[in-house]
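Participant: Give me a 3D structure for the following:
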Amino acid sequence: MLLGDGMDRRSLAHEILSQLPLAQQTAAWGTLGTIKPYLGFDVESDVQHLTEAIVGNGADHGAILDVLTNRTSAQRQQITKVFQALTKQGMGTDEDALTEILSTRSNQQLREILAFYQQDFKADPEKDIALETSGWFKEILLALAKGKRERDTGIIDYALIQQDAEALADPGASSEGAGERTWISIFTQRSPEHLSRVFSQYRKSHGLEVEETICKRFRGDGQMAMLALASACRNTPRYFAEKLHNAVKGPGTDDKVLIRVLVSRSETDLLSIRSEFKKCHGKSLYSCLQVETRGDYQAALLALCRAEDL
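Facilitator: You can find the predicted model right below:
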């Protein structure tokens, strides 16, 4: 049975499990997420059910979906650790996922993710980033990985807004690459709320959106990362709504993006993402998933999405 374009049944559980460390570890109660803590959680029992469901001649898709779509991130990460120890299945990532995670997580969440990475792979994540990337893309990711983004205090600093807007417009030329490093520093250290105001001031003062200048200053993966940062800072739910829309539009679906976003945002702001999706595209995320996916793969995604938006 086909589970979706590019997704066979054997990879379903592994693909969802591979995204679990990327999910935010925020309590579901009182948030705009769709997943809440599973009462009576028993990690050993869940791992046993998953193992029994996956091995053998045919996968028990219902059992897999029941476990993976009804546990919180914290609960699923416990399952992942035990499941990995039994099956020896490692986890990977890609440039898009790396950019997304480092661009949209809080300092605390980044510390937890990087600590999990170091514990699981017995490797320094920053060294691995440096080895596997290059150029401005590497500098952006390393700056984000340091987790030095300022928190929003609720106080609007108009002087700093003007200062940052001017720094982006004229970052100086004392050394080669000084301008790009100024952009990276501001984009990776200021709070999203502050940056949104800086973007508005930049447009007001210089008649340009920051995205226009990014496209002139940066190329390749560096440009992609800076544009992702700008989009996430302007409106995080809309940023994820666009990623989901891009994943389902056109021929085929980007299965990894669909799973990663739905899993990682299901406890925090998936309701807001659903709302932005409907607002921007005139149809609900739930309906799109019904049309673009099928079988047990579809059932897994719909269980995470939870409901139709009328």
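Participant: All the helices of the stretch 201-310 of the chain, residue numbers only.
Facilitator: 210-217, 220-234, 236-248, 255-265, 270-281, 285-292, 295-305 (DSSP state H, counting those that start in this stretch).
Participant: Dump the ones you listed to JSON lines, plus mean pLDDT.
Facilitator: Putting these into JSON lines (pLDDT from 0 to 100) gives the following:
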{"stretch": "helix 210-217", "mean pLDDT": "95"}
{"stretch": "helix 220-234", "mean pLDDT": "95"}
{"stretch": "helix 236-248", "mean pLDDT": "96"}
{"stretch": "helix 255-265", "mean pLDDT": "92"}
{"stretch": "helix 270-281", "mean pLDDT": "97"}
{"stretch": "helix 285-292", "mean pLDDT": "95"}
{"stretch": "helix 295-305", "mean pLDDT": "92"}
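Participant: Output these as JSON lines; include the columns mean neighbour count and distance to Gln75.
Facilitator: C-beta coordinates here come from the backbone N, C-alpha and C atoms, glycine included. Below are the helices of the stretch 201-310 of the chain laid out as JSON lines (neighbours: other C-beta atoms under 10 Å; distance: least, C-beta to C-beta, whole Å):
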{"stretch": "helix 210-217", "mean neighbour count": "16", "distance to Gln75": "38"}
{"stretch": "helix 220-234", "mean neighbour count": "20", "distance to Gln75": "27"}
{"stretch": "helix 236-248", "mean neighbour count": "20", "distance to Gln75": "22"}
{"stretch": "helix 255-265", "mean neighbour count": "24", "distance to Gln75": "12"}
{"stretch": "helix 270-281", "mean neighbour count": "20", "distance to Gln75": "17"}
{"stretch": "helix 285-292", "mean neighbour count": "18", "distance to Gln75": "23"}
{"stretch": "helix 295-305", "mean neighbour count": "22", "distance to Gln75": "14"}
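Participant: out of those helices, nearest to Phe187?
Facilitator: Phe187 sits nearest to helix 220-234 of all these, at 4.9 Å, using C-beta to C-beta.
Participant: What about the residue lying closest to Leu102 once chain neighbours are set aside, how many residues nearby?
Facilitator: Counting by C-beta to C-beta, 6 or more residues apart in numbering, Leu102 lies nearest to Leu144, which is 3.9 Å off, once chain neighbours are set aside. Neighbour count for Leu144, taken as other C-beta atoms under 10 Å: 25.
Participant: so Leu144 sits right up against Gln109, yeah?
Facilitator: No - using C-beta atoms under 8 Å, Leu144 makes no contact with Gln109, being 11.7 Å away.
Participant: Give me the number of neighbouring residues for Thr188.
Facilitator: Other residues near Thr188 come to 24 when the count uses other C-beta under 10 Å.
Participant: distance of Glu276 from Arg234?
Facilitator: Taking C-beta to C-beta, to the nearest Å as the measure, Glu276 falls 12 Å from Arg234.
Participant: Which residue, other than its chain neighbours, is closest to Phe83?
Facilitator: Leaving aside its sequence neighbours, Phe83 sits nearest to Val47 (C-beta to C-beta, 6+ apart; 5.3 Å).
Participant: pretty sure that neighbour contacts Val82?
Facilitator: Yes - between Val47 and Val82 there is a contact under C-beta under 8 Å: 4.6 Å.
Participant: Give me the more crowded residue out of the two.
Facilitator: Comparing Val47 with Val82 by other C-beta under 10 Å, the one with more neighbours is Val47, at 21 against 16.
Participant: Report the rounded mean pLDDT for the helix or strand harbouring that one.
Facilitator: In the assignment (DSSP states H and E), Val47 maps to helix 43-54. Helix 43-54 shows a mean pLDDT of 82.
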